[in-house]
Structure formats: C-alpha cells, structure tokens
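Colleague: Sequence and predicted structure, then a few things I'm wondering about:
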Amino acid sequence: MPATTPITKAVIPAAGLGTRFLPATKAMPKEMLPVVDRPAIQYVVAEAARAGLDNVLVITGRSKRALEDHFDRVPTLEAALEEKGDEKKLSAVREASCLGDIHYVRQRDPKGLGHAVLCAERHVGDEPFAVLLGDDLIDERDELLGEMIRVQQATGGSVVALMEVPAEAISAYGCADVTPVEGESYVQVHGLVEKPAPEDAPSNLAIIGRYVLHPAVFEVLKETGPGRGGEIQLTDALQTLAKREGEGGGVYGVVFRGRRYDTGDKLSYLKAVVTLASERDDLGPELRSWLGEFVAEF
C-alpha cells in the first residue's frame, strides 16, 4: 500500500464505563459530560473534521445511545428554535450533525483499547486511519492531527502523539523510547513501555490520545494477547510494529507542545472546563473576575 493513500477515517473508542465519574455516568456516557456547553466527544469529532477526517467510526458499548442521538438531527427542536428566531442556538444545535459521516459499532466485551481498535477493522479496511481518545481534548488553535497525518504519509508507518511530562508523572502514561530523525521534526519510536516506574522510563515523553495507524496494526492486534490489566493493549501492538521492517513497519512520534486538556479524572476535568470557559469571549471576562475574587477568599 503506498504511503500516499489518503486518510479520511477516524476511530473514536467510546465504550468505557466511566467509573471514575460515578454516579454522574450511571445513566449517561462519560463522553457526553459537558465541557462548558458541548459534550466532550463533540470536541473530538470536530478535531477530526478539521483534519479532513469526515468518516468517523465511534466504538460504543451498552447504554451509549445518547452518543448517537447527539449527532443526529432533531427536527422538532430545530423547528422550535427557528420559529423563535434563535439563530445562535439553532446553529449550535445543527453543528453536531454537520461534522461528518458518523458510524457506530459496539464493542461487546471491554477488552481494552487494542480490542476497541480491532473492532474497527471491517469499517477501516486496508487504509491508514486515525484514532482519537476522548479523554484528551486538543485546543483547536494548535496543530497536531494534521501533522501526524503528514508524517504517516511521509513514512508509511504508524504515528503516535507524544508530550513531555515531569519525570515523576511518567508512571501514569505509556512512555516512548525515541531517537531523532535527521532533518525532520518528528522522532522514531524504538520501544513503548506502559506506565513505567520513573527510574525505568526510557524518556519523559508520554503517549497521549492521538494515533495515526497503518492497517497492519489489525493483524498484529489479532496476535496480541492480554497485557497490563488483562486487556489487549494498543501499545503492545505498536511495540511489535516499531521493530518491523517493510510495509506497515516503523512507528514515529510527533512531540506536541500545544494546549491539551485532560478530562480523564475529576480534577483534570474541572480544570479543563474552567480553562476553556475562561478563554471564551462570552464567558471569560466575568468568569476570570469571579475566579480572582473566589481565590482571594482562601
């Protein structure tokens, strides 16, 4: 498969139970938790659309119907807003259903990220594709996915997004062993370690939730047994591809130095909401003023 095969498909795993946000996620998918006034997953789908990935497959699980409803049209609501002349809300409601061609497939068993990606094989076919995790929101002002796509097209391998983190924090991430590629802004990945102890980490480069993968990953995932946590780990499959030569071999990294918002736990989620709201023209000035007063009281 030539490295210039266009990339048009994105896969968004969204089958997790969201146990860290219980009881809020007892009846609502964690991906639908609002970040200011949009659900978290809408930011991710919008990022894919900006990168030209208008064919999106969402990997869902039980009780995830709200995801499908959100990206569908709601004619009665739209008609009511149109009758009121509320063009601003009408535009916001329609935005979600105009981001691309969105498909859904269910991951019946919670066997990990690698298994979720494998569920996309029939939809993706023999094409490179992107994987976007909903816990990482990338600021729309910063370029990441487009650069990763360019690197995949140039190398023909798979590409991971990396970010520098403090050494003491690396045990919360997958970590990459890398070397620079002469004359290029990206790096070559030689190995990946899932959540290493700081003293065992090969670098301070953490894997964050964006991947652009060669379809060779599917065959590798089929042969990958359960790893950490008894789940099929995507990092284990990428470790195999990093050592492979020829078509589909090689893993490369793009080091991201922009703004990333982590919605993976309660405190980080709250920070993301406050940060994004503070930067908005309609909410920011008043919110920042109130935050200053609020903090001064402690």
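Modeller: Structure's in. What do you need?
Colleague: could you pull out the strands for the stretch 151-298 of the chain?
Modeller: Secondary structure of the stretch 151-298 of the chain (DSSP state E, counting those that start in this stretch): strands located at 158-164, 174-180, 187-194, 205-213, 251-255, 260-262.
Colleague: who's in contact with the third one?
Modeller: The reference is to strand 187-194. 160, 162, 174-181, 200-202, 207, 227-228, 233, 235-236, 238-239, 242-243, 250-253, 255 (CB atoms under 8 Å, 6 or more residues apart in numbering). Backbone N, C-alpha and C define where each C-beta goes, glycine included.
Colleague: so who does residue 99 touch?
Modeller: With CB under 8 Å, 6+ apart, residue 99 has these contacts: 42, 45, 46, 48, 49, 54, 56, 71.
Colleague: With residue 273 as the reference, measure out to residue 43.
Modeller: According to CB to CB, to the nearest Å, residue 43 stands 12 Å off from residue 273.
Colleague: Residue 68 now?
Modeller: Separation of residue 68 from residue 273 (CB to CB): 24 Å.
Colleague: In terms of neighbours, single out the busier of those two.
Modeller: It is residue 273, of residue 68 and residue 273, that has more neighbours when counted by other CB atoms under 10 Å, with 17 against 13.
Colleague: Pull the contacting residues for that one.
Modeller: Shown in contact with residue 273 (CB under 8 Å, 6+ apart): 34, 35, 36.
Colleague: coming back round to it: show me which of the contacts of residue 99 are buried.
Modeller: The neighbour-count criterion (16 or more other CB atoms under 10 Å) marks 42, 45, 46, 48, 56, 71 among the contacts of residue 99 as buried.
Colleague: Could you verify my assumption that the fourth one touches residue 132?
Modeller: Yes - taking CB atoms under 8 Å as the contact criterion, residue 48 and residue 132 are neighbours in contact, 6.0 Å apart.
Colleague: And the strands in the stretch 1-150 of the chain, which stretches?
Modeller: Along the stretch 1-150 of the chain, the stretches classed as strands by DSSP E, counting those that start in this stretch are 9-13, 34-35, 38-39, 55-60, 101-106, 129-132, 136-138.
Colleague: who does the fifth one touch, helix- and strand-wise?
Modeller: This means strand 101-106. Packing contacts for strand 101-106, counted by 3 or more CB pairs under 8 Å, 6 or more residues apart in numbering; DSSP states H and E, involve strand 55-60, helix 121-124.
Colleague: who does it pair up with?
Modeller: Strand 101-106 pairs in its sheet with strand 55-60 (parallel), by DSSP bridges.
Colleague: mean confidence for the partner strand?
Modeller: Averaging pLDDT along strand 55-60 gives 95.
Colleague: related to what we said a few turns ago, which residues are common contacts for residue 48 and residue 132?
Modeller: The contact sets of residue 48 and residue 132 overlap at 10, 12, 145 (CB under 8 Å, 6+ apart).
Colleague: OK, contacts around residue 206?
Modeller: Applying CB under 8 Å, 6+ apart, we find residue 206 in contact with 162, 163, 164, 165, 169, 170, 172, 173, 174, 175, 176.
Colleague: any idea how far residue 65 lies from residue 135?
Modeller: Shown here: residue 65 relative to residue 135, a distance of 21 Å by CB to CB.
Colleague: Sketch out the low-pLDDT regions of the stretch 51-200 of the chain for me.
Modeller: Under the criterion pLDDT under 70, no range of the stretch 51-200 of the chain is flagged.
Colleague: Could you list the buried residues of stretch 210-229?
Modeller: Across stretch 210-229, burial judged by 16+ other CB under 10 Å covers 210-218, 220-221, 224, 227.
Colleague: Also stretch 104-113?
Modeller: Along stretch 104-113, these residues count as buried under the neighbour rule (16+ other CB under 10 Å): 104, 105, 107, 111, 112, 113.
Colleague: And the contacts of it?
Modeller: 13, 15-17, 57-62, 67-68, 115-116, 119-120, 122-123, 133, 226-227, 229, 231-234.
Colleague: mind redoing it with 7 Å?
Modeller: With contacts defined as CB atoms under 7 Å, 6 or more residues apart in numbering, stretch 104-113 is touched by 13, 15, 57-61, 68, 115-116, 119, 123, 231-234.
Colleague: distance between the ends of it?
Modeller: One end of stretch 104-113 to the other measures 16 Å (CA to CA, to the nearest Å).
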